[in-house]
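1. here is my input, please return the structure:
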Amino acid sequence: MEFDVAYWHWLILGIVLVVAEIFIPSFTVIWFGLGAIVVGLVKAVIPGMGFTVALTLWIVMSCLFTFLWFKFFKPKMVDKTTAGIAKEAVMGETGHVIRAPLDEARGVVRFATPVLGDDEWEFLCNDQVEVGDRVYIAEISGNTLIVNKK
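-> Presented below is the predicted three-dimensional model:
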């Protein structure tokens, strides 16, 4: 009696591995599960595919998913906010003036990524700035940024 690994065996293996990722906090098992699911789908289309070819495809797809994760997706998931980091780390950050300072009123600058937990800050500037000008952080004084025109 010969045992043939059917497409649904690969699909079940893939689902089990993907679900196992919930309990294993490594974020690596999921790529092997997705590789098994791909093999299951290919084997459903090509039922005559041999076990050796299927196993090779599973290894290749698992390595490909793992490579894509580490090369392209994981670097994009890095927290780019500067909340909770030292003052020196935010020096030089640039933003756009959304409200120019008038007489005694401070201006407001907006940053593309939050600076120290907020994307809008009141500022003081020695230069004349208008709405839309780019400014960079030169100093932090309490809850106010000291900025210079860029």
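
2. show me what the lowest-mean-pLDDT helix or strand in the chain is packed up against.
-> Lowest mean confidence among the helices and strands of the chain (mean pLDDT, DSSP states H and E): helix 87-90, at a mean of 78. Applying 3 or more CB pairs under 8 Å, 6 or more residues apart in numbering; DSSP states H and E, we find helix 87-90 packed against strand 134-141. (Glycine included, C-beta is placed from N, CA and C.)

3. outside of the strand it packs on, which residues touch it?
-> For strand 134-141, contacts defined as CB atoms under 8 Å, 6 or more residues apart in numbering pick out 87, 90-97, 109, 115-116, 123-125, 129, 145-150.

4. repeat that for stretch 52-61.
-> Stretch 52-61 is touched from outside by 5, 10, 32, 34-36, 38-39, 42-43, 49, with contacts defined as CB under 8 Å, 6+ apart.

5. neighbour-wise, which one of these leads?
-> Each of the contacts of stretch 52-61 was scored by neighbour count (other CB atoms under 10 Å); the top score is that of Val39, with 28 neighbours.

6. list the buried residues of the helix or strand encompassing Gly14.
-> Using DSSP states H and E, the secondary-structure element containing Gly14 is helix 7-23. Buried residues in helix 7-23, defined by neighbour count with 16 or more other CB atoms under 10 Å: 7, 9-11, 13-14, 17-18, 21.

7. swap in stretch 126-141?
-> Those would be 129, 133, 135, 137, 140, for stretch 126-141 by 16+ other CB under 10 Å.

8. brilliant, that's me finished.
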